[in-house]
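Asks: could you work out the structure for the sequence below:
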Amino acid sequence: MAPYIYALCALTSLTCAILLLRGYRDSRYRLLLWAGLCFAGLTINNILMVTDKIIFAQDTMLTPRLIVALIAVGLLLYGLIFDE
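Replies: Numbers count the residues shown, from 1 in each chain. Predicted coordinates for the structure are as follows:
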């Protein structure tokens, strides 16, 4: 059951990223860009989690997952602080 939940989380974050980036394309509201890039990074993080938990069950990919999540949330934080 867990692999399905991991895959659904990845698909949900991918859907959010697509919708946010499409909204940015239409309105040019820059906060949508930063949120879309954050969700794109979280999609990569979820894909890494799926590969970590299912494909490479013996090895841990915790460090790359945390780095990708930090970059993704950092992009959103940068957009919230420095975007006017």
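Asks: stretch 33-42: how far from the chain's middle?
Replies: With C-alpha atoms, centre = their mean, to the nearest Å as the basis, stretch 33-42 stands 6 Å off its chain's centre.
Asks: so what touches that stretch?
Replies: 13-14, 16-17, 20-21, 23-24, 68-69, 71-73, 75-76, 78-80, 83 (C-beta atoms under 8 Å, 6 or more residues apart in numbering). From N, CA and C alone the C-beta is placed, and that goes for glycine too.
Asks: what's the answer for stretch 14-23, then?
Replies: Here stretch 14-23 has contacts from 29, 32-33, 35-37, 39-40, 42-43, using C-beta under 8 Å, 6+ apart.
Asks: what about residue 19, which helix or strand?
Replies: Using DSSP states H and E, residue 19 sits within helix 2-27.
Asks: how far is that helix from where the chain is centred?
Replies: On C-alpha atoms, centre = their mean, the centre of helix 2-27 falls 8 Å from the chain's centre.
Asks: turn the contacts of stretch 14-23 into JSON lines, including neighbour count, pLDDT and distance to residue 8.
Replies: What follows is the contacts of stretch 14-23, written out as JSON lines (neighbours: other C-beta atoms under 10 Å; pLDDT from 0 to 100; distance: C-beta to C-beta, whole Å):
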{"residue": "29", "neighbour count": "11", "pLDDT": "95", "distance to residue 8": "28"}
{"residue": "32", "neighbour count": "19", "pLDDT": "97", "distance to residue 8": "24"}
{"residue": "33", "neighbour count": "18", "pLDDT": "97", "distance to residue 8": "25"}
{"residue": "35", "neighbour count": "22", "pLDDT": "97", "distance to residue 8": "20"}
{"residue": "36", "neighbour count": "23", "pLDDT": "98", "distance to residue 8": "20"}
{"residue": "37", "neighbour count": "20", "pLDDT": "98", "distance to residue 8": "22"}
{"residue": "39", "neighbour count": "25", "pLDDT": "98", "distance to residue 8": "15"}
{"residue": "40", "neighbour count": "19", "pLDDT": "98", "distance to residue 8": "17"}
{"residue": "42", "neighbour count": "22", "pLDDT": "97", "distance to residue 8": "14"}
{"residue": "43", "neighbour count": "22", "pLDDT": "98", "distance to residue 8": "12"}
